[in-house]
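A.B. asks: here you go, sequence then predicted model.
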Amino acid sequence: MLSVGTVVLADEESGEVSQTVMTGKHALQQTSLTPRRNYKQKEGCMKIRNHRIQGIMQTETPNQSGSLDPRYLVFHFTAGKSAESSIDWLCNPQAGASAHLVIGRDGSITQLAPFSVKTWHAGVSHWEGLTGLNSYSIGIEMDNAGRLTKVGSTYRAWFQSEFSDDEVLLAKHKFEQDLSYWHVYTEVQIAKALEVALLLVRTYRLKDIVGHEDIAPGRKNDPGPAFPLQNIHAKVFGRSGDESETYEVIADSLNIRKGPCIEYEPVSSPLLHGTRVVLLEGRDRWSKVDVTGPNDIEGWVYNKFLKLVEE
């Protein structure tokens, strides 16, 4: 079932509410220059040594140039068939493109170049008075098909792969006027993106986290509205009170639970239609929220029944 919003994502779970309001780059087959090995990536203990994350897959791309003293972190989506095909393409000299990291839908991370070297991920770009963000930023590619087209009962990527409802978000890009269909990111993928962002900002004292769409507006639309960039930014840098995202319940009633799963007990009576909540932690299916008003209620709600309040 599709959800509508800017950050909230879709999921196949059901039975959470009584009545709902619902509405409905380039990955080519190439061969990597360096063989890749399988690594067992440990949770929550990533470290950087010699500008490389330890314990993850390493594949060197030839598409790199010059030294880098990074100031920013830029997120992209691959718009490719798979992490493997995108890695192969980014390691192909003919691509003329690369990035420092690729994060797969299973949470696997592959590094293509040390963080002290420029990769070719930003293209023509501008941010905070600077031009050519390749010279100032670390680039992360998220394995994701990007914008999709509805064909009958399925959704199709530019490379003709098809996706079902539970893999799709209907949302409006922040720089566009119309709703579009977008491939959702997985929960483990988003969790790894946050973990890496925290590590890189801490290690290199980065000033900001942005999307390709921010530094090349009108030319690029990645990582798109399905990627919770604002949530990641807030978790890494913190957020002042006047910047908190507010959402509104769009179902007749919505359970608020002790944890991000229907197995957890409710923490209060269901939230009624129109109830406003402040986002504390966002995930691809569930979000931790604080209910606005006199009652001190905090818990987890199901994303597809929330709508971002534009104020």
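C.D. replies: Alright, I've got the coordinates.
A.B. asks: which strands or helices does the helix or strand of the chain with the lowest mean pLDDT pack on?
C.D. replies: Least confident helix or strand of the chain, by mean pLDDT, DSSP states H and E, is strand 276-282 with a mean of 84. Applying 3 or more Cβ pairs under 8 Å, 6 or more residues apart in numbering; DSSP states H and E, one finds that strand 276-282 makes contact with helix 229-237, strand 246-249, strand 286-291. Placement of C-beta: from N, CA and C, glycine included.
A.B. asks: centre of the chain versus that strand, how much separation?
C.D. replies: 17 Å (Cα atoms, centre = their mean, to the nearest Å).
A.B. asks: export it as CSV, just CAs?
C.D. replies: Output in CSV follows, covering the C-alpha atoms of strand 276-282 (Å, rounded to 0.1, in the frame of the first residue of the first chain):
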residue,chain,number,x,y,z
ARG,A,276,0.0,16.4,15.8
VAL,A,277,3.2,14.7,16.7
VAL,A,278,6.9,15.8,16.7
LEU,A,279,9.4,13.5,15.1
LEU,A,280,12.1,12.2,17.4
GLU,A,281,13.5,9.3,15.4
GLY,A,282,12.5,8.3,11.8
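A.B. asks: so which bits of it are buried?
C.D. replies: Buried residues in strand 276-282, counting neighbours by 16 or more other Cβ atoms under 10 Å, are found at 277, 279-280, 282.
A.B. asks: next, the angle from the helix ranked longest in the chain to strand 276-282.
C.D. replies: In the chain, assigned by DSSP state H, the helix with the most residues is helix 187-204. Interaxial angle, helix 187-204 versus strand 276-282 (axes from the mean of the first three to the mean of the last three Cα atoms, to 10 degrees): 70 degrees.
A.B. asks: tell me the first helix or strand C-terminal of helix 187-204.
C.D. replies: strand 208-211 (DSSP states H and E).
A.B. asks: can you pull out the low-pLDDT segments for the protein?
C.D. replies: 1-44, 239-244, 293-295, 311 (pLDDT under 70).
A.B. asks: tell me if I am right that residue 86 is in a helix.
C.D. replies: Yes - judged by DSSP: H, G, I helix; E, B strand; the rest coil, residue 86 forms part of a helix.
A.B. asks: I'd say it and residue 80 touch.
C.D. replies: Yes - using Cβ atoms under 8 Å, residue 86 is in contact with residue 80, at 3.8 Å.
A.B. asks: if I pick residue 106, what's in contact with it?
C.D. replies: Neighbour list for residue 106: 186, 188-189 [criterion: Cβ atoms under 8 Å, 6 or more residues apart in numbering].
A.B. asks: please work out which of the helices and strands packed on strand 276-282 is packed deepest.
C.D. replies: strand 286-291 (a mean of 22; mean count of other Cβ atoms under 10 Å).
A.B. asks: in the helix or strand following that strand, what's buried?
C.D. replies: Where DSSP H and E defines the elements, the next helix or strand beyond strand 286-291 is strand 298-302. For strand 298-302, burial by neighbour count (16+ other Cβ under 10 Å) applies to 299-302.
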